[in-house]
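Trainee: show me how the following folds:
(chains A, B, C and D)
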Protein chains: 2
Amino acid sequence: MLQMSQIPLARRSPIPPENCNLARTIEIVGDRWTLLILRAALYGVRRFDDFQAELGCPRTVLSGRLKILVDAGLLTKKTYKVPGKRARPEYVLSSMGMSLRPILIGLTQWGDVWLGKGEPPPISFTRAGSKTAIRAGFVDPEGREVRPDQIRAVLRG
Amino acid sequence: MLQMSQIPLARRSPIPPENCNLARTIEIVGDRWTLLILRAALYGVRRFDDFQAELGCPRTVLSGRLKILVDAGLLTKKTYKVPGKRARPEYVLSSMGMSLRPILIGLTQWGDVWLGKGEPPPISFTRAGSKTAIRAGFVDPEGREVRPDQIRAVLRG
DNA sequence: GACGCTGGATTTAGATTCCGAACTCTTTCA
DNA sequence: TGAAAGAGTTCGGAATCTAAATCCAGCGTC
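Mentor: This next block holds a predicted model:
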């Protein structure tokens, strides 16, 4: 993760995957169904059968993935009650899960660019009150953009 | 993906996963080994045995994942030749794969915050020539940061 | 030029996970 | 009393994963 144009050859990564926070993150969210669940959750889906209809995955897989996400802290299991119906659980994003939103948007935009087949993207993102699209990127502490070729990795110790 | 603080209940997402670029992206990179391969590649790993030593995954799985990434266009299969040795393939990131870097860095920083166990992150990112850390985020066309609660989703049509 | 070495990749067998459908359980409505 | 709806669990067969052994091609060596 050094320079954009050309990454020097390495035999191993500078940080062993065992104590890398990226690898730890991948252990949780690096799964097709898990990511699709988070996608649906960010669009407001909360209920078991709604997730199932949205994803089309086996109920047993959905059940397992929801449990993992609740245990990891990305989803919170609450109870909802429609009047005249019985109480049921719902799965809502915690702030831990919410903070993955920039990454999901970034993946969406990556797909728009590289997999979009020339069609305009079905969903785009703007600043509130504006109509021009925003994009995922990097900012310094003052909120100014840092272009990809300016990024440098710094190892601790 | 509307407002940060409270997402309204939805029975289905506004975009069916079949023609959603996020879902298409997840089909490619939504896999534990694939993401770990991309992580290693961004750190400069290029050779089969180096990937294998880095990831510790079965060679058959590695072989399959590399093929998927080459077919999808994220990796390019080239040939390298050490003098006195025979020519061998190496797998280098294409610009398509390179452009995933902000997302991988974003995932790293998400892990630093939520899975870091209080330790300072082993790797951080700065602007070239500076020492202050940068972060993944959103910018408008003029390069100014857009804070998460200012983001709005806009559907086409 | 037969032999071993080395790096890349496939084969094989067994364990795990996935999938799809059916089933369970509980409360509410008719 | 019966039927419906929501949230799961159970179960057998199919696909995938893992680990280890094997294959394969070219280079250096003798």
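Trainee: for DNA strand C, what are the nearby residues on chain A?
Mentor: A:W33, A:G56, A:C57, A:P58, A:R59, A:T60, A:V61, A:G64, A:G84, A:K85, A:R86 (C-beta under 7 Å from any atom of the strand). (C-beta placed from N, C-alpha, C; glycine too.)
Trainee: in helices only, show me the residues you listed.
Mentor: Counted as lying in helices by DSSP state H, out of the residues of chain A next to DNA strand C, are A:W33, A:R59, A:T60, A:V61, A:G64.
Trainee: how close does the residue nearest to the fourth one when sequence neighbours are not counted get to B:R11?
Mentor: Residue nearest to A:V61 in three dimensions, not counting chain neighbours: A:W33, with 5.8 Å by C-beta to C-beta, 6 or more residues apart in numbering or on different chains. Counting by C-beta to C-beta, to the nearest Å, the separation of A:W33 from B:R11 is 19 Å.
Trainee: tell me which of those two has more neighbours.
Mentor: A:W33 (19 against 12; other C-beta atoms under 10 Å in any protein chain shown).
Trainee: spit out the contact partners of the residue positioned nearest the centre of chain A.
Mentor: By C-alpha atoms, centre = their mean, chain A has its centre lying nearest to A:L104, at 3.7 Å. A:L104 is in contact with A:L35, A:L38, A:R39, A:L42, B:M1, B:L22, counting by C-beta atoms under 8 Å, 6 or more residues apart in numbering or on different chains.
Trainee: ok, now with 6 Å
Mentor: Contact analysis of A:L104 by C-beta atoms under 6 Å, 6 or more residues apart in numbering or on different chains lists A:L42.
Trainee: and the helix or strand containing it, which residues are buried?
Mentor: For A:L104, the host element (DSSP states H and E) is helix A:101-115. For helix A:101-115, burial by neighbour count (16 or more other C-beta atoms under 10 Å in any protein chain shown) applies to A:101-112, A:114-115.
Trainee: could you pull up the mean pLDDT of that helix?
Mentor: Mean per-residue pLDDT for helix A:101-115: 94.
Trainee: which is the next helix or strand following it?
Mentor: Next helix or strand after helix A:101-115 toward the C-terminus (DSSP H and E): strand A:123-127.
Trainee: past that following strand, which element shows up next along the chain?
Mentor: Of the helices and strands lying after strand A:123-127 in sequence (DSSP H and E), the nearest is strand A:135-139.
Trainee: got the angle for the one helix or strand A:L38 maps to vs helix B:32-42?
Mentor: Using DSSP H and E, A:L38 sits in helix A:32-42. Between helix A:32-42 and helix B:32-42, the angle comes out at 90 degrees (axes from the mean of the first three to the mean of the last three C-alpha atoms, to 10 degrees).
Trainee: does DNA strand D have contacts with helix A:32-42?
Mentor: No - against DNA strand D, helix A:32-42 shows no contacts by C-beta under 7 Å from any atom of the strand, the least distance being 9.8 Å.
Trainee: so that helix versus helix A:101-115, what angle?
Mentor: Using the same axes, to 10 degrees: helix A:32-42 against helix A:101-115 is 110 degrees.
Trainee: in helix A:32-42, what counts as buried?
Mentor: A:R32, A:W33, A:T34, A:L35, A:L36, A:I37, A:L38, A:R39, A:A40, A:A41, A:L42.
Trainee: stretch A:15-30 now?
Mentor: Those buried within stretch A:15-30 under the rule 16+ other C-beta under 10 Å are A:15, A:17, A:20-30.
Trainee: tabulate the CA atom coordinates of stretch A:148-157 in CSV.
Mentor: The C-alpha trace of stretch A:148-157 is given here as CSV (Å, rounded to 0.1, in the frame of the first residue of the first chain):
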residue,chain,number,x,y,z
PRO,A,148,-4.3,8.5,-4.1
ASP,A,149,-0.7,9.1,-5.3
GLN,A,150,0.0,11.2,-2.3
ILE,A,151,-0.9,8.5,0.2
ARG,A,152,2.0,7.0,2.2
ALA,A,153,1.9,4.1,4.6
VAL,A,154,3.7,4.5,8.0
LEU,A,155,4.6,1.5,10.1
ARG,A,156,4.7,1.8,13.8
GLY,A,157,7.9,0.8,15.6
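Trainee: give me the buried positions along it.
Mentor: A:Q150, A:I151, A:R152, A:A153.
Trainee: could you say which helix or strand holds A:E27?
Mentor: helix A:21-29.
Trainee: mind giving me the packing neighbours of that helix?
Mentor: Here helix A:21-29 touches helix B:32-42, helix B:101-115, going by 3 or more C-beta pairs under 6 Å, 6 or more residues apart in numbering or on different chains; DSSP states H and E.
Trainee: give me the angle between the helix holding A:L104 and strand B:135-139.
Mentor: 70 degrees.
Trainee: distance between helix A:101-115 and the chain's centre?
Mentor: Taking C-alpha atoms, centre = their mean, to the nearest Å, the mean C-alpha location of helix A:101-115 is offset from the chain mean by 10 Å.
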